[in-house]
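Participant: Pasting the sequence and the predicted coordinates here, then a few questions.
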Amino acid sequence: MGIKLFSAGLIVSGCLPIASYAEPFTVRDLNPLLSGFEFSTPLSGTNARQNIVDLSYAISNITLDQQPGNEHLIADAELRRWQLTTSHPLGPNWTIQIDLPYQSISGGSLDTFIEHFHSTFNLPNGNRASWPHNRLLVDYSVADQSLFHLTNAHAGIGDTAIHAGWRFASSTSQSAMLWFTAKMPTGNAKSLTGSGTTDATISLAAQQHLSNDINFFEQLTLSWLGNGARLSDEQKHSVWSCMTGLSWSLTHSIDTTFQLNSHSAIYASNVRMLGNATQFTIGPRYHSAQWQAWLAITEDIVVDTAPDVQFQFSVSHSF
């Protein structure tokens with residue numbers, strides 16, 4: 001799988017016009033039932049030196065049916081997420097960042113495309129061929145009693161997050177930030193645009209410049225989740241997540257980034273999709289003095305623990 005995705009990333013990198021330094025892709029697990037919880041936002045390992053405005057668009061597609069014991073989860077959906085992010089330096093060592101998302105869930109339109117995408121790169125298609133295309137159905141039941149059911153498309157403002165970062169270590173070869181995050185329930189838990197809970201996280205993010213061509217970055221996060229309005233009896237209140245990756249410079253302005261994101265279970269459940277998850281992301285990033293953009297492809301490298309595939313595009317401007 002990794003070789004196929006690497007090939008796909010290089011193909012994509014040759015088709016775009018702008019890559020960058022050692023910054024993680026801001027991809028997250030877009031599992032519909034995890035929507036809104038603040039548990040794995042990748043953050044920078046160095047403080048912002050300029051104001052930054054970033055606009056990203058992500059789309060995930062999921063088709064699965066899991067039934068361990070008396071639990072049963074059917075998830076057939078497409079989730080799209082626009083996010084406007086602003087970062088502002090506060091002195092030499094502090095940064096404040098605000099995430100403003102807009103999210104929608106529907107049956108989507110990518111089922112056929114994703115089947116062809118998986119076939120082209122020899123990735124598993126699961127039960128996609130036998131399911132209706134572009135259907136919206138999210139249902140979780142225990143002992144034949146439905147605890148969550150959604151068949152109607154929804155869209156709206158997502159949950160807003162405020163991050164405050166403190167750079168406590170810096171040199172020519174490495175940097176480290178401690179981030180404090182508060183997330184407010186501005187979305188709607190029933191329509192899967194939010195979680196219905198206030199969350200808090202603390203994250204340690206770092207990056208290392210090993211050579212002119214290779215940079216590493218990593219992050220460890222502990223999240224405290226409030227009482228959500230969705231599957232509250234099954235919900236856990238503390239979650240660990242981690243991220244690691246490297247950026248490989250192809251030219252002075254073009255990078256390819258490889259990244260792994262993992263998190264522990266948010267729900268006390270035997271359903272694989274509601275447990276621990278690991279995703280692999282690859283894609284190109286381009287940059288100039290004030291602009292940068294990237295395109296990423298994310299797969300559930302541990303199969304059926306996250307959406308089958310996610311695509312994300314981001315463009316940012318510094319001033």
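Facilitator: Okay, I see it.
Participant: hey, let's count contacts and neighbours off CA atoms from now on
Facilitator: Will do.
Participant: Enumerate every residue touching S106.
Facilitator: S106 makes contact with A77, E78, L79, R135, L136, N152, A153, H154, according to C-alpha atoms under 8 Å, 6 or more residues apart in numbering.
Participant: swap that for S44, sorry
Facilitator: E23, P24, M177, A205, A206.
Participant: And those residues, which is closest to H317?
Facilitator: Taking C-alpha to C-alpha as the measure, E23 is the one of the contacts of S44 closest to H317, at 14.6 Å.
Participant: Restricted to strands, list the contacts of S44.
Facilitator: Mapping those onto strands (DSSP state E) picks out M177, A205, A206.
Participant: I'd say the first one and H163 touch.
Facilitator: This means M177. No - in this structure, M177 is not within contact of H163 by C-alpha atoms under 8 Å, at 11.5 Å.
Participant: what about those two, which has more around it?
Facilitator: Counted by other C-alpha atoms under 10 Å, M177 and H163 do not tie: M177 has more neighbours, with 26 against 20.
Participant: got a list of what that one touches?
Facilitator: Per C-alpha under 8 Å, 6+ apart, neighbours of M177: S44, G45, T46, N47, G165, W166, R167, F168, A169, L204, A205, A206.
Participant: bridging residues for the fifth one?
Facilitator: Counting by DSSP bridges, G165 is bridged to T95, W179.
Participant: just the last one next, same as before
Facilitator: Each beta-bridge partner of A206 is listed here: A176, E218, as defined by DSSP bridges.
Participant: and it, how many neighbours?
Facilitator: 25.
Participant: and it, what pLDDT?
Facilitator: Note on A206: pLDDT of 95.
Participant: Pull up the gap between it and T281, please.
Facilitator: A206 is 18 Å from T281, where distance means C-alpha to C-alpha, to the nearest Å.
Participant: now do the first one
Facilitator: According to C-alpha to C-alpha, S44 stands 17 Å off from T281.
Participant: cool, the fourth one as well?
Facilitator: As judged by C-alpha to C-alpha, N47 and T281 stand 24 Å apart.
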